[in-house]
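In: My questions are about this predicted structure, shown below with the sequence.
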Amino acid sequence: MKGVFDFTVDQLGPCKVQSPIMLSKVYGDFIANYVKDDDFIRYNVDIYDNVLETEAEAYNNNLIQKAGPRELIYFNPKHVNAAIMTCGGLCPGLNDVIRSVVRCLWNRYGVRRIRGIRFGFQGLFSESGYDTIDLDPDLVDDIHKSGGSFLGTSRGGGNRVIEIVDAIEALNLNMLFIIGGDGTQRGALEVAEEIEKRGLKIAVVGVPKTVDNDLIFIQKSFGFDTAVEQATQTVAAAHMEAHSQINGIGLIRLMGRESGFIAAATALASHEANYCLIPEVPFHLDGEGGFLDVLEQRIKRRHHAVVIVAEGAGQELLKASDAKDASGNKKLGDIGVFLKDKISEYFAEKKIPINLKYIDPSYQIRSARTSATDSIYCERLGNNAVHAAMAGKTKLVIGLIHNKYVHLPTRLVTSRRNTVDPEGSLWRDVIDATGQPILMLKNKDFLLAQSNRKPKES
């Protein structure tokens, strides 16, 4: 995302407490160093248009604060009453983050009151009837070896802000770690704002969780690598099925409501997908140059094909609905089943025999145990979330930018979703990997689309 942004992080107050973590303030002594509040990284690394001039005019607004342990902290560890919750759908790595937060609070800071809120925001409502769980390192030591969420999760409830803050006050919390996606973090921001209105000193720190990898400014969300790894295995199975049949077609539906990152990365990783359909790139089913026509030519030429489709792709082809799920997201039509039926009907009308295998591994992927890469990432996200909260940071999420762990204001991260740029290098490489046409539109519509192309946003 191009531009100049205000990355200022909210602070509960001055830090006057000496951290119990003994680190160094000099380089060359073989001891890790504290991170200072004036340690930043630059957001813009690319040079484009007049970015050097605009960045120079507002230089302080384009610097992102580094995450990590501070020498002076805001909270006295003996007085800390912390809580952790997981919200939204399942995602590989939830247990890894929970474990990391608990262990860092307990082992590094000496915090002894750590509560687990069960089933997301629902666990804060009295009518739900869920008690909190007292957490310690012994209890969470092995939870990273399993998928799912040790605390349980649920969608919705984040809009009941007054009740949530009432419950936080009743629990006497002064630190809340919220693990969830963009909808959850929007709710977390509203909660933090209500806390501020009441004059309470409670740190609200988010760990961004979205398997779709669709949070802007964040280089990668946890669980994404595991999802791609799992999805690649599914594509390999679909390819084997397709290649072993007469006119075999493997159709795999993957996650990706508005962003096709999982589908795109899986296509690149598998080397066996011939078509990748994502929400960001339109396609037509019928007509010369449409998807079905292109698929037919492939079957006639190679006698097998593998198609990856993201769940949010081609929604304009389905019956529109205004219904929303508990998280406030628009309910999508099932593009996977729709394509399966349309492909079968098309080839039946053409009297071309096919063997179509349809696979939707979404829930299997979401509940998977993390890969080693993701497990490392989750460990470091959890540690940095604790360091931020102990230093009195609030209304932020921990993110990775330019391979550095940083503090990102929640208001920026939730301002819009990150999407695959159809004119960017990732999608260009997907086109090269699959060999699919640049656009699968009817010829006249392709020309119209080309003539009406809008200039890129600056």
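Out: Thanks, I have the structure now.
In: so what's the nearest residue to Ile359 once chain neighbours are set aside up against?
Out: Spatial nearest neighbour of Ile359, excluding adjacent residues (Cβ to Cβ, 6 or more residues apart in numbering): Ile252 at 5.1 Å. Yep, even glycine has a C-beta here, placed from its N, CA and C like the rest. Ile252 sits next to 231, 234-235, 238, 306-309, 358-361 when contact means Cβ atoms under 8 Å, 6 or more residues apart in numbering.
In: Among those, name the buried ones.
Out: Listed as buried from those are 231, 234-235, 238, 306-309, 358-361; burial here means 16 or more other Cβ atoms under 10 Å.
In: Show me which of those is closest to Phe347.
Out: Val307 (13.1 Å; Cβ to Cβ).
In: Low-confidence regions, the chain specifically.
Out: For the chain, applying pLDDT under 70 flags the ranges 1-3, 46-60, 320-322, 324-329, 443-458.
In: Hmm, Leu285 is touching Lys342, no?
Out: Yes - applying Cβ atoms under 8 Å, one finds Leu285 in contact with Lys342, separated by 6.0 Å.
In: how close does the nearest residue to Gln245 once chain neighbours are set aside sit to Ile335?
Out: Distances taken as Cβ to Cβ, 6+ apart place Asn355 nearest to Gln245, at 3.7 Å, with adjacent residues excluded. As judged by Cβ to Cβ, to the nearest Å, Asn355 and Ile335 stand 21 Å apart.
In: Could you do Ile278 as well?
Out: Ile278 sits 11 Å away from Ile335, going by Cβ to Cβ.
In: Please apply the same query to Glu423.
Out: 23 Å.
In: repeat for Ile343
Out: Applying Cβ to Cβ, the value for Ile343 to Ile335 is 12 Å.
In: what's the answer for Ala236, then?
Out: Ala236 is 22 Å from Ile335, by Cβ to Cβ.
In: more crowded one of the two?
Out: Ile335 (20 against 16; other Cβ atoms under 10 Å).
In: The nearest residue in space to Gln219 that is not next to it in sequence: helix or strand, and which one exactly?
Out: Excluding its sequence neighbours, the residue lying closest to Gln219 (Cβ to Cβ, 6+ apart) is Leu400, at 4.4 Å. According to DSSP states H and E, Leu400 maps onto strand 396-401.
In: angle of the helix or strand following that strand against strand 396-401?
Out: Scanning forward in sequence from strand 396-401 by DSSP H and E, the next helix or strand is strand 404-409. Relative orientation of strand 404-409 versus strand 396-401 (axes from the mean of the first three to the mean of the last three Cα atoms, to 10 degrees): 140 degrees.
In: Can I get the next helix-or-strand element following strand 404-409 in PDB? Just the C-alpha atoms.
Out: Downstream of strand 404-409, the first helix or strand assigned by DSSP H and E is helix 410-413. The C-alpha trace of helix 410-413 is given here as PDB (Å, rounded to 0.1, in the frame of the first residue of the first chain):
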ATOM      1  CA  THR A 410      -5.100  -1.000  15.000                       C
ATOM      2  CA  ARG A 411      -6.900   1.900  13.300                       C
ATOM      3  CA  LEU A 412      -4.500   1.500  10.300                       C
ATOM      4  CA  VAL A 413      -4.500  -2.300  10.100                       C
END
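In: and the gap between the closest residue to Lys66 other than its chain neighbours and Tyr74?
Out: Nearest non-adjacent residue to Lys66, counting by Cβ to Cβ, 6+ apart: Asp39, 4.3 Å away. The gap separating Asp39 from Tyr74 is 17 Å, by Cβ to Cβ.
In: what ranges do the strands span in the stretch 301-450 of the chain?
Out: Along the stretch 301-450 of the chain, the stretches classed as strands by DSSP state E, counting those that start in this stretch are 304-310, 355-359, 393-394, 396-401, 404-409.
In: ugh, wrong one, the stretch 51-200 of the chain
Out: Under DSSP E, counting those that start in this stretch, the stretch 51-200 of the chain gives strands at 63-65, 72-73, 82-86, 114-116, 133-134, 175-180.
In: Redo those as CSV? Include mean neighbour count and distance to Ala391.
Out: As requested, the strands of the stretch 51-200 of the chain are exported to CSV (neighbours: other Cβ atoms under 10 Å; distance: least, Cβ to Cβ, whole Å):
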stretch, mean neighbour count, distance to Ala391
strand 63-65, 21, 10
strand 72-73, 18, 5
strand 82-86, 27, 14
strand 114-116, 23, 18
strand 133-134, 14, 25
strand 175-180, 29, 11
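In: Now the most centrally placed residue in the chain: closest residue in space, sequence neighbours ignored.
Out: Central residue of the chain (Cα atoms, centre = their mean): Thr210, 2.5 Å from the mean position. Leaving aside its chain neighbours, Thr210 sits nearest to Gly181 (3.9 Å; criterion: Cβ to Cβ, 6+ apart).
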